[in-house]
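could you work out the structure for the sequence below:
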Amino acid sequence: MTENYKAATYRLLEKGVTGDPFGRRVNMVLVAFILATVVMALLDTVPRISAEYARLFALAEAVAGIAFLTEYLARLWVADLHPPLRRFGPFGARLRYALQPGAIVDFLAVLPFIVGLFMSDAALKAFVIVRLVRFLKLARYSPALRSLISAVAQERHALIASFVIIFGAVLVSATGMYLVERHAQPDKFGSIPQAMWWALATLTTVGYGDVVPTTVIGKMLGGLVMLMGYGLFALPIGIVATAFAREIHSREFVVTWAMVARVPLFEDLRATEIADIAKLLRAVTINTGEIVTERGEDADCMYFIANGAVEADFGHSRLKLGEGAFFGEMAMVGPRKRAATVTALERTDLMALSASDLGVLMQRRPELAERILKEAEERAATTFYPDIDIADEELEQEEAALSETIDQTSQANEDEPELFTEPASGEDEPADRS
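Numbering: from 1, shown residues only. A predicted model of the protein is given here:
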């Protein structure tokens, strides 16, 4: 029982961003706590507001602190379920997890609450900067922030080189202005370190105006430094932007590639062939309650669920499909009819693979066509549903649910007395549970 709770907690905390729907709701609550506590930490430095809402701030900090402490301890508890950490055992896995950057940020987010239990309010004011560290926790719940951090980390060498170049430009500019202006303004350009402030403000095009050249040569040099600044500071921005775009593209490609690779019809294909199919996917967004496909209509494409959930109505039973699932794969190998009416249970992002697009690719790649058609023939020979778009794997859960319903009905019939009387006139007929 404990292991079940532990596994459920792991899915809730570690899979909530991309998988578990309830986990995503928990993450949204934690994000709300983070934003609320950061705003309160800022407002707490305003004397009038701090004095007027001191009790409210204290109560909110206590609630948020308990929430963050519970989250931190729960993450430590399930740390040994992380695949890379399992081999270190319960203690070793938790120790290594606690030393990871994300876990350190979680600990710092809890620290003000723990310290506040043993310190006065006045002393706790010094911890306001630590409370602001909670803002960094947003990186755990935002794939975009994680991608940005990853992009900066990957390009760290190029960024360091660009900042070295910028520092060199600051040094050269300050030296030049020192030589030109030191006699005219000894109080502002009397040394190279003093002139470096002007050089930095000018290269960044901030131009505070507190230190400006007065000689003609100094003004000419200042204009040249201004123009140089546009190009120099665009260099690290371009590096980060390019790396971020590449990271986003790579992450999306890995997700789509993995979704295609798990489809039984494509599982025996080579990586390059799966990549070619993944490129054909097009994004489709369905709002809550909208119908994706209707039972009986012609099936001309299959769908992958990138985010959200749908419900397939077979008429006699219903099947819920969540993130990472797929349906309609047999439409790829010939004319089929939709076996179920599929409706979005929430806002759902789908990726559609058209049979016609796949057909064009198969015409260009005969070897790919041969492999897919061979797999389709083998699957068609064993399926009980040769004329519909749902394959055996997709129907197993639906059939299991239907079988369970039939068994329950049979058991209920066995429990009924052998002498059975017709219902009196005006009474409702028993519901057909099958």
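
tally of neighbours for the closest residue to A312 other than its chain neighbours?
Leaving out its chain neighbours, the residue that sits closest to A312 by Cβ to Cβ, 6 or more residues apart in numbering is A340, at 4.0 Å. Glycine gets a C-beta too; all of them are placed from N, C-alpha and C. Counted with other Cβ atoms under 10 Å, residues neighbouring A340 total 27.

same question for A7.
12.

with F189 instead?
If you count neighbours by other Cβ under 10 Å, F189 ends up with 24.

cool, V284 as well?
Neighbour count for V284, taken as other Cβ under 10 Å: 15.

wait, doesn't it sit right on L350?
Yes - between V284 and L350 there is a contact at 4.4 Å, judged by Cβ atoms under 8 Å.

okay, and the common contacts of these two?
Common contacts of V284 and L350, defined by Cβ atoms under 8 Å, 6 or more residues apart in numbering, comprise Y303.

the residue nearest to A312 touches V292, doesn't it?
No - contact criterion Cβ under 8 Å: A340 and V292 do not qualify, at 9.9 Å.

and for L43, the neighbour number?
When neighbours are defined as other Cβ under 10 Å, L43 has 13 of them.

same question, V133
Neighbours of V133 using other Cβ under 10 Å come to 19.

and it, what's its pLDDT?
Listed pLDDT for V133 reads 80.

cool, and A380?
What the model reports as pLDDT for A380 is 56.

tell me where the model's unsure across the stretch 101-250 of the chain.
Residue ranges of the stretch 101-250 of the chain with pLDDT under 70: 119-129, 143.

and the helices in it?
With DSSP state H, counting those that start in this stretch, the ranges of helices along the stretch 101-250 of the chain come out as 101-116, 121-124, 128-131, 138-141, 143-154, 156-181, 186-189, 192-203, 216-261.

if you compare those helices, which one is most tucked away?
Among the helices of the stretch 101-250 of the chain, ranked by average contacts under mean count of other Cβ atoms under 10 Å, first place goes to helix 192-203 (a mean of 20).

what packs against it?
helix 156-181, helix 186-189, helix 216-261 (3 or more Cβ pairs under 8 Å, 6 or more residues apart in numbering; DSSP states H and E).

so which elements touch the helix or strand just after the last one?
For helix 216-261, the following helix or strand on the C-terminal side (DSSP states H and E) is helix 271-278. Judged by 3+ Cβ pairs under 8 Å, 6+ apart, the packing partners of helix 271-278 are helix 216-261, helix 355-364, helix 366-382.

now render these as CSV, adding distance to E323.
Shown next, in CSV, are the helices and strands packed on helix 271-278 (distance: least, Cβ to Cβ, whole Å):
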stretch, distance to E323
helix 216-261, 10
helix 355-364, 23
helix 366-382, 24
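
so for D187, which of these sits nearest?
Proximity to D187 (Cβ to Cβ) singles out helix 216-261 among the helices and strands packed on helix 271-278, at 14.7 Å.

which other helices and strands contact that closest one?
Helix 216-261 packs on helix 143-154, helix 156-181, helix 192-203, helix 271-278, strand 301-307, strand 348-354, going by 3+ Cβ pairs under 8 Å, 6+ apart.

any idea which of these gets closest to L224?
Nearest of those (Cβ to Cβ): helix 156-181, 8.6 Å.

relative to helix 216-261, how tilted is that closest one?
Here helix 156-181 points in a direction 170 degrees away from that of helix 216-261 (axes from the mean of the first three to the mean of the last three Cα atoms, to 10 degrees).

quick check: end-to-end length of stretch 44-59?
Here the two ends of stretch 44-59 are set 13 Å apart, with distance taken as Cα to Cα, to the nearest Å.

just give me how far it sits from the chain centre.
Centroid separation between stretch 44-59 and its chain, computed with Cα atoms, centre = their mean, to the nearest Å, is 35 Å.

could you do stretch 183-199 as well?
Distance of stretch 183-199 from the chain centroid (Cα atoms, centre = their mean) equals 49 Å.

may I have it as PDB, with CA atoms only?
Provided in PDB are the C-alpha atoms of stretch 183-199 (Å, rounded to 0.1, in the frame of the first residue of the first chain):
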ATOM      1  CA  HIS A 183      43.400  66.900 -18.800                       C
ATOM      2  CA  ALA A 184      40.000  68.500 -19.600                       C
ATOM      3  CA  GLN A 185      38.100  66.500 -16.900                       C
ATOM      4  CA  PRO A 186      40.500  65.000 -14.400                       C
ATOM      5  CA  ASP A 187      37.700  64.400 -11.900                       C
ATOM      6  CA  LYS A 188      35.800  62.200 -14.300                       C
ATOM      7  CA  PHE A 189      38.500  60.800 -16.600                       C
ATOM      8  CA  GLY A 190      41.500  61.000 -14.300                       C
ATOM      9  CA  SER A 191      42.100  57.300 -14.500                       C
ATOM     10  CA  ILE A 192      41.200  54.300 -16.600                       C
ATOM     11  CA  PRO A 193      39.000  52.700 -14.000                       C
ATOM     12  CA  GLN A 194      37.000  56.100 -13.800                       C
ATOM     13  CA  ALA A 195      36.700  56.100 -17.600                       C
ATOM     14  CA  MET A 196      35.400  52.500 -17.600                       C
ATOM     15  CA  TRP A 197      32.100  53.700 -16.100                       C
ATOM     16  CA  TRP A 198      31.600  56.000 -19.100                       C
ATOM     17  CA  ALA A 199      32.700  53.300 -21.500                       C
END
